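> got a sequence here, can you build the structure:
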Amino acid sequence: MEVNLTKRVLTPDGRRYCPVVVGPNGRIKPDWVEINGQAVRHPEGNYYLDWTEEGRRQRVMVGSDAAAALNSLKRKQSEMDALAQGLIVTDPKAPEEDTRLRLRAAIADFLEDIQLSRQRKTWLGYCLSLKYFKECCSKTFIEEIERKDLLRFVVFLRDEQELSPRTVHNKFCDVLTFLQAQGAPKLISKNDRPRFVEQEVEIYEDDQLSALHATCSLYHSTLYDFLLMSGFREQEAGHVQWENVRSNSNVISMRWKPQFNWTPKAYKEREVPVPTILLDRLENYRRTLTGKRAENKALIFTTANNTPDTHMLRALKRNAKKSGQDPDDFWLHKFRATFATTHLQAGVDLRTVMTWMGQTNLESIIRYLKPARNSTMIEKINSNFASHDRTKPQLASGTA
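Predicted coordinates for the structure are as follows:
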């Protein structure tokens, strides 16, 4: 029975297990695989052994090191040859190490999957969560992890890393997702999950935005209006092109962008109706651009070098400080919250706003349905309770 060594890499046809390239000396050529008869270098990915046992194909990951993978291949081939001759194979040093899944190897493979299938921001989040878990957990194998390890992880995040309760909860959920992907049994109960206070959604006030726009550049002023009036997320705003702006129907489309290796959240495309004032401001900004930055295929919000703007939050904090306001009161998602609250206060139904925002359930949008705080609403509230004003003299009823 022959044991094969492959490497799982990303190809134009998706992820594939490709044969490794072996040099004249019989050693594996590190990072090189064979794709459609051609030797191609792929530094990413892990090596795998595969063989057929009792009519079923077996596959085991053996890490990312070529030399170690070759040694694993030789050991497994010797084992299979011995079994074919009717011999009993034992390993007195580590009888379980070939079958149990190591924690660090599982983390590396899981992060590789996330990197190839999810957005970079998501991958970076998992990288940090699992880095913390490796620092906290001393177990070698996945099957050794128990409930106490997860409870210690919560304490580690809270006391040693000094993370906020909400962040502790998110990191904890990341690790649970990882363990579930490895087939680990359910280790915790509902009450074991770290809790946090669900804070009220904050929105921008008109005076905050007026002061911000008064001091920032045309580019950033246009960006902030776009975020406010479209409800787009940061990554979505960074990948909208001029051709996605349909002025004749007052719509901006959010589309899948394979040329930028980017997909919308939840893989949902959508169209958002926007006011004419936003379309006019976008057109005014476009007139200031030259060359490729003004072409239909160009991204709207880029740097001067025509590269995606990855510093939107940093610039927002800087502009807030420049306008004499507290930078801690400004963040990008707050524009999205203001977009949702503005439409809900104006009477747009929940499901419509949910569709415009690309949300997948009503619970996600209900949190934006906060009380209106404008002067018109205050006048209405005062009117409702006018008859209860105890400061005004009351007419006597009846006789003394």
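> flag every buried residue along the longest helix along the chain.
Longest helix in the chain, counting residues (DSSP state H): helix 66-84. Of the residues in helix 66-84, those buried under the neighbour-count criterion (16 or more other CB atoms under 10 Å) are 66, 69-70, 72-73, 75-77, 79-80. Heads up, the C-betas are built off the backbone N, CA and C, glycines and all.
> run the chain-centre distance for that helix.
39 Å (CA atoms, centre = their mean, to the nearest Å).
> other SSEs contacting whichever helix or strand comes after that helix?
Sequence order places helix 103-117 as the next helix or strand after helix 66-84, per DSSP states H and E. Under the contact criterion of 3 or more CB pairs under 8 Å, 6 or more residues apart in numbering; DSSP states H and E, the helices and strands touching helix 103-117 comprise helix 120-136, helix 165-181.
> which residues in the stretch 151-300 of the chain form helices?
In the stretch 151-300 of the chain, the helices defined using DSSP state H, counting those that start in this stretch lie at 165-181, 206-215, 218-230, 234-238, 276-287.
> and those helices as a markdown table, adding mean neighbour count and distance to Gln58?
Compiled in a markdown table, the helices of the stretch 151-300 of the chain are given as follows (neighbours: other CB atoms under 10 Å; distance: least, CB to CB, whole Å):
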| stretch | mean neighbour count | distance to Gln58 |
| --- | --- | --- |
| helix 165-181 | 18 | 20 |
| helix 206-215 | 14 | 60 |
| helix 218-230 | 20 | 51 |
| helix 234-238 | 20 | 40 |
| helix 276-287 | 14 | 57 |
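> could you provide the ones you listed in TSV, with additional columns for distance to Met254 and mean pLDDT?
Output for the helices of the stretch 151-300 of the chain, formatted as TSV (distance: least, CB to CB, whole Å; pLDDT from 0 to 100):
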stretch	distance to Met254	mean pLDDT
helix 165-181	25	93
helix 206-215	23	95
helix 218-230	9	96
helix 234-238	5	92
helix 276-287	15	95
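> nearest to Asp328, out of the ones you listed?
helix 206-215 (12.5 Å; CB to CB).
> from the chain's centre, how far out does stretch 193-209 sit?
Relative to where its chain is centred, stretch 193-209 has its mean C-alpha point 20 Å off (CA atoms, centre = their mean).
> would JSON lines of the helices of the stretch 151-300 of the chain with distance to Ser383 be doable?
As requested, those are arranged in JSON lines below (distance: least, CB to CB, whole Å):
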{"stretch": "helix 165-181", "distance to Ser383": "39"}
{"stretch": "helix 206-215", "distance to Ser383": "23"}
{"stretch": "helix 218-230", "distance to Ser383": "30"}
{"stretch": "helix 234-238", "distance to Ser383": "40"}
{"stretch": "helix 276-287", "distance to Ser383": "31"}
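> so Trp32 lies in a strand, does it not?
Yes: going by DSSP: H, G, I helix; E, B strand; the rest coil, the assignment for Trp32 places it inside a strand.
> for stretch 131-142, the distance to its chain's centre please.
The chain centroid and the centroid of stretch 131-142 are separated by 23 Å under CA atoms, centre = their mean.
> list the buried residues of it.
The neighbour-count criterion (16+ other CB under 10 Å) identifies 132-133, 136-137, 142 as the buried residues of stretch 131-142.
> got it, and stretch 54-68?
Residues of stretch 54-68 classed as buried under the neighbour-count rule (16+ other CB under 10 Å) are 61-64, 66.
> okay, now the unreliable bits of this structure?
The model of the chain has pLDDT under 70 over residues 88-99, 199, 266-267, 370-381, 387-400.
> which residue would you name as the spatial centre of it?
Against the mean C-alpha coordinate of the chain, by CA atoms, centre = their mean, the closest residue is Thr122 at 3.1 Å.
> is it true that it touches Ile114?
Yes: the pair Thr122 and Ile114 passes the contact test of CB atoms under 8 Å, sitting 6.6 Å apart.
> OK, contacts around the nearest residue to Ser129 once chain neighbours are set aside?
The spatial neighbour of Ser129 that comes closest, neighbours along the chain excluded (CB to CB, 6 or more residues apart in numbering), is Asp174 at 3.6 Å. Remark: with contacts taken as CB atoms under 8 Å, 6 or more residues apart in numbering, Asp174 is in contact with 125-126, 129-130.
> format the residues you listed as a markdown table; extra columns: neighbour count.
As requested, the contacts of Asp174 are arranged in a markdown table below (neighbours: other CB atoms under 10 Å):
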| residue | neighbour count |
| --- | --- |
| Gly125 | 16 |
| Tyr126 | 21 |
| Ser129 | 21 |
| Leu130 | 23 |
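> quick one, phi/psi of Asn305?
Main-chain torsions, Asn305, degrees, to the nearest 10: phi -90, psi 10.
> okay, now it: neighbour count?
Residue neighbour count, defined by other CB atoms under 10 Å, stands at 6 for Asn305.
> next one: Val197
Neighbouring residues of Val197 were enumerated by other CB under 10 Å; the total is 7.
> likewise for Ile300?
Neighbour count of Ile300, defined by other CB under 10 Å: 25.
> my guess is it meets Arg281, correct?
No: using CB under 8 Å as the test, Ile300 is too far from Arg281 to be in contact (11.4 Å).
> and the furthest pair within the contacts of Asp174?
With CB to CB as the measure, no two of these lie farther apart than Gly125 and Leu130, at 9.7 Å.
> contacting residues around Glu198?
By CB under 8 Å, 6+ apart, the residues touching Glu198 are Arg367.
> from Lys171, how far out is it?
Distance from Glu198 to Lys171, counting by CB to CB, to the nearest Å: 17 Å.
> Arg293 too?
Arg293 sits 39 Å away from Lys171, going by CB to CB.
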